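> generate coordinates for the sequence data below:
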Amino acid sequence: MDENEQGIYGFPAAVRAIQPTNRESLLALARERANDPTILDEMEPFFWAAILSNNRLDAYFTRMARSSLDNFARGAAEGVSFQNSHRWDELPLGASLTGRVEGLESGIVQVVSDFYTLAGLELNGIRTDQFIRGVRSGVVRDVSIGFSGGSRTCEICHQNYWRCPHYAGMTYEIEENGVIRQVRATVTVENAKLNEASAVYDGATPGAVILKARAAAAEGRLRGKEAEQLERMYRAAIPVTRQFAGVDVEESEPHEEVRTMGLDAVLDKHKIGVGLEGDARAAALESRLAELIAAEGKLSVAQEELATAQGRVKELEPAAADGTQYRADLLADAMAEGVRAYGDKFDQATYEETLRTAKLDTIKRMRDDWKAVGDVRLPGGRHSQDGDERSTKTVTVHVPDEAYG
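A predicted model of the protein is given here:
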């Protein structure tokens, strides 16, 4: 793993109040950026500011070099999205309008950006009205930027952080001029680029630190105590490989092969842009990522459709049970009429087996025909007839073809 590894990492930031005097200039910028400026007359714009980054050491023992801060300010001025919790595959909640580097008397250098959104939008299930209230009330106060690229330098050995033996946040004994001191490892990020800013629940994520630690653990270069300390510090699992007489044993997943692969090796393994170089290969990777994001979206839609279908099945289950009971009752009525019509000569077993899978209309027809025969054989009321004349009533019985199978 080296400085060319592709990835988007987090860095803590903070929301701050916007000065009312800036509103008109920001509104003018928003009109310039809008495809249809009249939308800003129809819907109320809301502006807020965020301190995107600074040159102080953050909670994950990294700090931004001036080159990164300048890039961040330039990117924010050109316009980046304001996301929800770094969910890059969702529609943004807002967008940046400005970006500037500010130097404070304390010596701190920070990047500040102004953002805006419109009240009354509903994006990814979140109403911007609620988001605006969260910012105004201070409930939404933690922000994290997503950045990528650049290089990382260890401040202990001044080497490429990906290749040096130190881990950000760990303490090491360093000898200088015959004196041994305890020094905590920190990392400087240079020439990074801004991807987006996000509302988050609590600062940034230690992406680079954990990636390096896991890679070292997979190669057997990270000792157990170091891994345990990093896990406690960053609240992330780091599986450690133990080596015994040429046999590597992975503690957490002993049946899986664990190895570190560079970006090119990973791309080759998955046949992404094989044979391409530089920007062409990066474009191939971007295309593949877009395919994966689209596939995830289709899976989400399929899961929603499945959930809807399962709900519909539950709704139809009572009706299906009623239909089953109706067929059983209808068949029982038909058999009773058959016995009434023909008595012992009625082959109930054969007819019942035949009609069990017959259409409901067929069962009804047989029931009604047998009932007509039964009514002639066993008429209700008076049985005697006046005079010598005898009347004969002919009844036609319909027998389905299935009965002759």
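> around Tyr172, how many other residues sit close by?
By other Cβ atoms under 10 Å, the residues close to Tyr172 number 14. From N, CA and C alone the C-beta is placed, and that goes for glycine too.
> just the one 4 residues further on next, same as before
Residues within reach of Glu176, counting by other Cβ under 10 Å, total 8.
> what's near enough to touch it?
Glu176 makes contact with no residue under the criterion Cβ atoms under 8 Å, 6 or more residues apart in numbering.
> ok, now how distant is it from Val187?
For Glu176, the distance to Val187 (Cβ to Cβ, to the nearest Å) stands at 20 Å.
> likewise Arg31?
For Arg31, the distance to Val187 equals 41 Å [Cβ to Cβ].
> so Val140 sits right up against Ile132, yeah?
No: the criterion here is Cβ atoms under 8 Å, and Val140 misses it with Ile132 at 9.1 Å.
> point out where this structure drops to low pLDDT.
Along the chain, the parts satisfying pLDDT under 70 run over 1-21, 201-279, 281, 380-405.
> top helix in it by residue count?
helix 278-342 (DSSP state H).
> report all helices and strands that that helix contacts.
On a contact count with 3 or more Cβ pairs under 8 Å, 6 or more residues apart in numbering; DSSP states H and E, helix 278-342 meets helix 263-269, helix 348-355, helix 360-377.
> quick one, that helix and helix 348-355 angle?
When axes from the mean of the first three to the mean of the last three Cα atoms, to 10 degrees is applied, the directions of helix 278-342 and helix 348-355 differ by 150 degrees.
> helix 360-377 and helix 278-342, what's the angle between them?
Relative orientation of helix 278-342 versus helix 360-377 (the same axes, to 10 degrees): 0 degrees.
> tell me where the stretch 101-250 of the chain has helices.
Listed in chain order, the helices of the stretch 101-250 of the chain (DSSP state H, counting those that start in this stretch) span 128-137, 207-218, 224-234.
> related to what we said a few turns ago, looking at Arg31 and Val187, which has the bigger crowd around it?
More neighbours surround Val187 than the other of Arg31 and Val187, with 24 against 15 (other Cβ under 10 Å).
> for that one, give me its contacts.
Applying Cβ under 8 Å, 6+ apart, the residues contacting Val187 are 61-63, 152-155, 161, 168, 208.
> isn't Ser151 up against Trp162?
No: applying Cβ under 8 Å, one finds Ser151 not in contact with Trp162, separated by 9.0 Å.
> hey, where'd the strands end up in the stretch 1-150 of the chain?
Secondary structure of the stretch 1-150 of the chain by DSSP state E, counting those that start in this stretch: the strands cover 8-16, 45-54, 62-64, 81-84, 94-96, 100-103, 109-118, 122-123, 126-127, 142-148.
> any chance of those in CSV with mean neighbour count and distance to Gly75 as columns?
Putting the strands of the stretch 1-150 of the chain into CSV (neighbours: other Cβ atoms under 10 Å; distance: least, Cβ to Cβ, whole Å) gives the following:
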stretch, mean neighbour count, distance to Gly75
strand 8-16, 20, 13
strand 45-54, 22, 9
strand 62-64, 23, 13
strand 81-84, 20, 11
strand 94-96, 22, 8
strand 100-103, 13, 12
strand 109-118, 22, 9
strand 122-123, 13, 22
strand 126-127, 14, 24
strand 142-148, 22, 9
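> so which of those strands comes closest to Lys298?
Nearest of the strands of the stretch 1-150 of the chain to Lys298, taken as Cβ to Cβ: strand 122-123 at 20.2 Å.
> list the neighbouring strands of the closest one plus their orientation.
When pairing is defined by DSSP bridges, strand 122-123 lines up against strand 126-127 (antiparallel).
> who's in contact with the strand it pairs with?
Against strand 126-127 from outside (Cβ under 8 Å, 6+ apart): 84, 93, 120-121.
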